[in-house]
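Asks: Curious how this folds, go ahead:
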Amino acid sequence: MEEDYMRQPSGYEQEDPSLVCKLTKTFYGLKQAPREWYHKLASGLRKIGFAATKSDVSVFVKIVDGLQTYVLVYVDDIIVTDESSALVTDVIAKLNKKFALKDIGYLHYFLGIQVTRTCDGGLVLTQQKHVGEVLKKAGMVGCASCHTPLPSTVKISALGGSSFYDPKLYISIIGSLQYLTITRPEICYSVNKLSQFVQAPLDCHWRMVKRVLRYLSGTASYGLHIKQDFSMGVNAYSDSDWARDPDDRKSTSGHCVFLSSNLIS
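Replies: Below you'll find the predicted structure:
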């Protein structure tokens with residue numbers, strides 16, 4: 001950890017004006033603040049029996065009498081879930097002794113993802129608000145909708161067109177669309193294809209981005225349905241076209257992985 005110092009604050013000066021104050025706590029905005037916060041939170045979770053998973057250090061798990069408790073951490077936003085609501089309450093109470101927590105009840109919104117519970121115990125994950133923000137950024141609020149993200153017959157090339165007037169806007173919209181693929185897997189191919197041209201976007205590429213946005217405008221409420229399914233089978237599917245890229249003749253591959261009936265990748 002780096003050591004940080006600050007000048008003496010006004011009204012609290014000591015006799016020697018050259019003296020400085022050594023910071024003993026990290027502040028928001030310092031480079032090491034996220035790291036120090038993670039170590040502090042992880043230490044508190046370990047003390048109550050949690051351990052970080054090997055696949056994702058931001059996911060902590062605790063097993064008591066065969067019941068699993070999960071804690072998902074993103075900076076200071078935390079999700080706690082369990083097979084028993086009593087265990088969730090216990091974890092929150094223990095964490096509240098060390099950290100100032102605000103329990104907002106059932107999960108409704110997390111990192112731009114809206115969570116809606118279904119009557120059969122499942123969840124629907126949507127990003128309707130994020131779609132609206134992307135449309136506003138692109139100046140396409142209220143635009144006419146279309147039925148597909150991209151036309152299946154069009155081959156998009158890096159050559160043969162005039163440069164797009166605002167490359168920064170193109171990059172910004174593509175970045176927003178990439179985050180949207182979390183709950184909208186059907187646009188993954190379209191976004192991946194259009195991401196290949198962020199270095200030098202053309203007007204024709206921007207027209208294809210607008211086509212994706214028109215599709216999203218008419219399907220903003222669509223999302224990912226996570227069903228309650230206790231059969232933990234894993235099924236994976238993959239496919240590839242053959243030398244379809246008009247520029248370098250490379251192939252494009254794709255895959256999807258299901259845990260039971262739920263799409264997870």
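Asks: How is the protein divided into domains?
Replies: 5-105, 125-228 (automatic domain parsing).
Asks: And the helices in the stretch 1-150 of the chain?
Replies: Assigned helices in the stretch 1-150 of the chain, in chain order: 33-47, 85-96, 128-137 (criterion: DSSP state H, counting those that start in this stretch).
Asks: So which of these is the most surrounded?
Replies: helix 128-137 (a mean of 17; mean count of other C-beta atoms under 10 Å). Where C-beta positions appear, they are placed from N, C-alpha and C, glycine not excepted.
Asks: Give me the contact list for that helix.
Replies: 112, 114, 141, 143, 169, 172-173, 176-177, 179-180, 213, 216-217, 220-221, 223 (C-beta atoms under 8 Å, 6 or more residues apart in numbering).
Asks: what residues are up against residue 201?
Replies: With contact taken as C-beta under 8 Å, 6+ apart, residue 201 is in contact with 163-164, 167, 170-171.
Asks: Work out the gap between stretch 205-215 and the centre of the chain.
Replies: What separates the centre of stretch 205-215 from the centre of its chain is 22 Å, taken as C-alpha atoms, centre = their mean, to the nearest Å.
Asks: can you give me the mean pLDDT across it?
Replies: The average of the pLDDT scores along stretch 205-215 is 95.
Asks: got the buried residues for it?
Replies: By neighbour count on 16 or more other C-beta atoms under 10 Å, the buried set for stretch 205-215 is 205-206, 208-215.
Asks: Check stretch 192-202 too.
Replies: 193-194, 197, 201-202.
Asks: picking that back up, would you point out the most distant pair within the contacts of residue 201?
Replies: For these, the farthest-apart pair by C-beta to C-beta is 163 and 171; their separation is 13.5 Å.
Asks: Neighbour count: those two, which is higher?
Replies: Between residue 163 and residue 171, counted using other C-beta atoms under 10 Å, the more crowded position is residue 171 (14 against 11).
Asks: Report the secondary structure state of that one.
Replies: helix (DSSP: H, G, I helix; E, B strand; the rest coil).
Asks: Pull the contacting residues for the residue nearest to it when sequence neighbours are not counted.
Replies: Nearest non-adjacent residue to residue 171, counting by C-beta to C-beta, 6 or more residues apart in numbering: residue 198, 5.1 Å away. Residues in contact with residue 198, defined by C-beta under 8 Å, 6+ apart, are 167, 170-171, 174.
Asks: Could you look up the SS state of residue 198?
Replies: Secondary structure of residue 198, per three-state DSSP, is coil.
Asks: picking up where we left off before, weakest of the domains of the chain by average pLDDT?
Replies: Minimum mean pLDDT among the domains of the chain: domain 5-105, a mean of 84.
Asks: Centre of the chain to that one, how far?
Replies: For domain 5-105, the distance to the chain centre is 20 Å (C-alpha atoms, centre = their mean).
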